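In: Structure for the following, please:
(chains A and B)
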Amino acid sequence: MDALLTKTKGPSQLSSEPKKKISGSEGLLRCLIAEGIDTLFGYPGGAIMPVYDALYHFSDQLNHILVRHEQGAIHAAQGYARVSGRTGVAMATSGPGASNLITGLSDALIDSTPVVCITGQVAEHLLGTDAFQEMDVINTTLPVTKWSVQITEASSIPSQIAKAFYIARSGRPGPVLIDITKNAQFEMMDEIDYAPCEYIRTYSPKPELDKTKIKQAADLINKAKRPYLLCGQGVLLSNATEELISLAEKGNIPVASTLLGLSGVPTDHPLYVGFLGMHGNYGPNILTNECDVLIAVGMRFDDRVTGNVSKYAKQAKVIHIEIDKAEINKIIKADVDVHADAKEALTELLPLINSGNHTEWLEAFKNAFTKENDTVIQHDYYPVTKELKMGEVIRELSEQTKGDAIVVTDVGQHQMVTSRYFPFKNPKTNVTSGGAGTMGFALPAAIGSKVSQPHQQVVAVIGDGGFQMTIQELGTLMQYKIPVKILLLNNNFLGMVRQWQQLFFESRYSFTEMNNPDFVALAGAYGISAEKVSERENLQDAIKKMLKHEGPYLLEVVVAKEENVFPMVPSGAGVGDVLLEIGSE
Amino acid sequence: MKKDYTIEITAENNFSILNRIINVLNRRRVRIKKLIAHEDEHDFRKGGATLLLYTTPEMIEKVKHQLEKLIEVEKAIYTAGSGHYTELSNRTIEVIQ
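Out: Alright, predicted model coming up:
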């Protein structure tokens, strides 16, 4: 049935020779190999055992990383995908195994990450009987997947796997879940001639570019006095960083980045003005409300970027270049909506752009930066307090790596400080949980990143709260000796929540202070080298030692308990109301 | 200002497609006044649903795009009012009978 609705390319299906029979499980693994998959992150269990049994014979072709929790598997697959642009694969059993994937699915959906999850399911005759570890995973995961399907017969495996990978990676990427009943895993099927999917009747991942819209966009940009370019993750996903930078350079347009767009433009580029959003840079926020043309590329105007939408860029004409049609006009009304792949649209737009001269406008960003630098940044970089501050730790990491590292962050204050201060140099070197804000993301995502890019330095910057949400993945680091460097910024608080409690709940610190374990001893229990630093004079050497260490390493830096991250656009305020410090206007 | 809209959805007739459609609406708290869903009379692999919704002009436009974003949905077309729903549902009921 499926062949009628999808188009595949590949070997002819009409061979007259009888085909060798293989199990559905073996068929699945052969499909993964044919898709170019070489790494799986997973955790076995009853309903996926036939696949794991088949995997035993494929260990030379498929590198399986045994994580310690299924959430770790999907975050690792996400990290793998984010730094490589390839599709990550996670595998789990039925019931709790599958439900443990849900946070990661939700994270991958909102952050447009191509991941294929394969879950085992009870045998078809047991569906709906409340059998052991039976859960309706398809309906449970419907809202958090780009697509999902349950397979109940082995012969469907090749076509559904082909569809899954095509859907996960094409258009706006996202997570796909394939639930395979145990009988289908055991069932024998013909040895496959795998044919990748390249068409689904009801799915149009590649919009046709409307050149009249490109012309309209070019006209607006060429007439603009204060154009402003925003780089979202769509730029990275479509490998359009060069085109975006060329557009900025040709039009002399300042460019800012969303959280997930970081690393799309090198932070030392003269036209790069900083990071957008609630804890972004001062100028990029406040000057959003002074630009006359806003060019948003591959982004979705998340509320952390816009603040109060009724106070967002009301004076500006908005050009929105976006591959996901449902994102256009969803939050911010576009004057010119370009429904297109970012690379294709920017390539078409570039020749139509005139050389621009926006000296005064660029000067406004410089002035705003000077104000932020004097009020916030220098105090973060070179504090006079006895206690260490997060900003100086990231400054030291930045100086020692010179931006030449993949940086994986968790969620909270450390994430915002790292996003503000790390000097991203190369595309796809920023891995973080954006839309979902998933604490516990960083450690497993760093594992996936390092497995994908073994020759790059991978540093996971994590707070003490998030670290303890997936801390069990230290076991994965230990077992596979994956040389991830963990920079733990420990303030013994859920820092961002505490900051909000201080600013908006009259300092009632309701259940945010943490009594933490001895993290160095804990790392030691996993055979991971570790050091704890709380004195400024030891920080530089400690980071040097961490970066030079050959295996996995934990550096715990004890930072000030009650540090606040500024600038800040308070919840409900507009980007023009960004605060540089407590009580500032 | 909320009012009635008839939305006609054509899709692959897969398990869970109706749930996917309903999820899009429920998540945005769009009120469903009436609903009829059916297999294509000529091809069981295709199907459709017609719904009478009560929502705002902005939301119906957003919902249309969210529905068309579903992999199995071919298209979602809406018209203001309930007249079209009555016409379509009567026709569907005739076919089923």
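
In: Please make it C-alpha for all contacts and neighbour counts, starting now.
Out: OK.

In: Just list the residues touching A:Val255, thanks.
Out: A:Val255 is in contact with A:228-231, A:248, A:271-274, counting by C-alpha atoms under 8 Å, 6 or more residues apart in numbering or on different chains.

In: Farthest-apart pair in these, please.
Out: For the contacts of A:Val255, the maximum inter-member distance is 13.8 Å, found between A:Ala248 and A:Gly274 (C-alpha to C-alpha).

In: can you pull the contacts of the nearest residue to A:Pro227 once chain neighbours are set aside?
Out: Of all residues not flanking A:Pro227 in the chain, A:Val293 sits nearest, at 4.6 Å (C-alpha to C-alpha, 6 or more residues apart in numbering or on different chains). By C-alpha under 8 Å, 6+ apart, A:Val293 lies in contact with A:220-221, A:224, A:226-228, A:316-319.

In: Just give me the neighbour total for the residue of the stretch 401-550 of chain A found nearest chain B.
Out: Closest residue of the stretch 401-550 of chain A to chain B, C-alpha to the nearest C-alpha: A:Ala436 (16.2 Å). Neighbours of A:Ala436 under the rule other C-alpha atoms under 10 Å in any protein chain shown: 16.

In: Make sure it is actually in contact with A:Asp107.
Out: Yes - using C-alpha atoms under 8 Å, A:Ala436 is in contact with A:Asp107, at 5.1 Å.

In: Alongside chain A, which residues does chain B contribute?
Out: B:11-12, B:16, B:19-20, B:23, B:62, B:65-66, B:69-74 (C-alpha under 8 Å from any C-alpha of the partner chain).

In: Helices - which of the residues you listed land there?
Out: Members of those lying in helices (criterion: DSSP state H): B:19-20, B:23, B:62, B:65-66, B:69.

In: pLDDT below threshold where in chain B?
Out: Within chain B, the stretches with pLDDT under 70 are B:95-97.

In: Which stretches in it count as helices?
Out: Along chain B, counting by DSSP H, helices occupy B:17-27, B:57-69, B:83-96.

In: most packed of the ones you listed?
Out: The highest average neighbour count among these, using mean count of other C-alpha atoms under 10 Å in any protein chain shown, belongs to helix B:57-69 at a mean of 19.

In: what sits up against that one?
Out: Helix B:57-69 is contacted from outside by A:325-326, A:330, B:1-2, B:5, B:21, B:24-25, B:73-78, using C-alpha under 8 Å, 6+ apart.

In: Show me which of those residues is closest to A:Gln540.
Out: For the contacts of helix B:57-69, the residue nearest A:Gln540 by C-alpha to C-alpha is A:Lys330; the value is 46.3 Å.

In: how much space between the closest one and chain B?
Out: To chain B, A:Lys330 is 7 Å away according to C-alpha to the nearest C-alpha, to the nearest Å.

In: dump the residue contacts of residue 50.
Out: All of this is about chain A. A:25, A:182, A:185-186.

In: that's the other chain; I wanted chain B
Out: By C-alpha under 8 Å, 6+ apart, the contact set of B:Thr50 is B:6-9, B:35-37, B:85, B:88-89.

In: Could you find the closest non-adjacent residue to it?
Out: B:Glu8 (4.5 Å).

In: repeat for A:Ser398
Out: With C-alpha to C-alpha, 6+ apart, the residue lying closest to A:Ser398 is A:Phe422, at 5.6 Å.

In: thought that neighbour was touching A:Ile394?
Out: Yes - using C-alpha under 8 Å, A:Phe422 is in contact with A:Ile394, at 6.5 Å.

In: Residues of chain A that sit close to chain B?
Out: When proximity is defined as C-alpha under 8 Å from any C-alpha, chain A approaches chain B at A:138-139, A:142-143, A:146-147, A:201-203, A:325-326, A:330.

In: Would you show me how to pick out the buried ones of those residues in PyMOL?
Out: Selection of buried members from those for PyMOL, criterion 16 or more other C-alpha atoms under 10 Å in any protein chain shown:
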select buried, chain A and resi 138+139+142+143+146+147+202+203+325+326+330
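
In: In strands, which of the residues of chain A next to chain B fall?
Out: Using DSSP state E, the subset of these located in strands is A:Trp147.

In: The residues of chain A next to chain B into JSON lines, with extra columns for pLDDT?
Out: Below are the residues of chain A next to chain B laid out as JSON lines (pLDDT from 0 to 100):
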{"residue": "A:Ile138", "pLDDT": "97"}
{"residue": "A:Asn139", "pLDDT": "96"}
{"residue": "A:Leu142", "pLDDT": "96"}
{"residue": "A:Pro143", "pLDDT": "96"}
{"residue": "A:Lys146", "pLDDT": "98"}
{"residue": "A:Trp147", "pLDDT": "98"}
{"residue": "A:Arg201", "pLDDT": "94"}
{"residue": "A:Thr202", "pLDDT": "95"}
{"residue": "A:Tyr203", "pLDDT": "96"}
{"residue": "A:Lys325", "pLDDT": "97"}
{"residue": "A:Ala326", "pLDDT": "97"}
{"residue": "A:Lys330", "pLDDT": "97"}
